[in-house]
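Trainee: Turn this into a structure:
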Amino acid sequence: MIAADRRQHVFNQTFEEFSGRLINKSRLMKGEKMRLVHAMLQRNAKRFGMPGAVIVALWARETDYGATHGLRSVARAVGTPPRPPPR
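Mentor: This is a model prediction of the structure:
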């Protein structure tokens, strides 16, 4: 899982390249709607100090607001033990 994460080409882009490809008016409008509709975002923003807009931005990027589920188990991916540092 870690090797797959490190092969993501998105990390070889500048912010301008990355954002120009992923940010559009439709996604921004949907994000604002999601932020306003989901009270959980507002509660968590207060509880954890993370603005709702940041949570929604991550939600948009990672799953397109739940439309994409991916091919791998999240629990397995985040539970992968770290590799020891190179010597």
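Trainee: From now on I want contacts and neighbour counts done on CA atoms only, so please keep to that.
Mentor: Noted.
Trainee: how close does the nearest residue to residue 50 once chain neighbours are set aside sit to residue 24?
Mentor: Once flanking residues are discounted, residue 50 sits nearest to residue 44: 7.1 Å by C-alpha to C-alpha, 6 or more residues apart in numbering. Distance of residue 44 to residue 24, computed by C-alpha to C-alpha, to the nearest Å: 26 Å.
Trainee: which of those two has more neighbours?
Mentor: Legend: neighbour count by other C-alpha atoms under 10 Å for residue 44 and residue 24, higher for residue 44 (14 against 10).
Trainee: and whatever helix or strand the more buried one lives in, which residues are buried?
Mentor: Applying DSSP states H and E as the criterion places residue 44 in helix 39-48. Within helix 39-48, the residues that count as buried by 16 or more other C-alpha atoms under 10 Å are 41, 42, 45.
Trainee: For that helix, give me every contacting residue.
Mentor: Contact partners of helix 39-48, identified using C-alpha atoms under 8 Å, 6 or more residues apart in numbering, comprise 35, 50, 51, 52, 55.
Trainee: Which residues are in contact with the first one?
Mentor: Neighbour list for residue 35: 41, 42, 52, 53, 56 [criterion: C-alpha under 8 Å, 6+ apart].
Trainee: And for residue 66?
Mentor: Counting by C-alpha under 8 Å, 6+ apart, residue 66 touches 59, 60.
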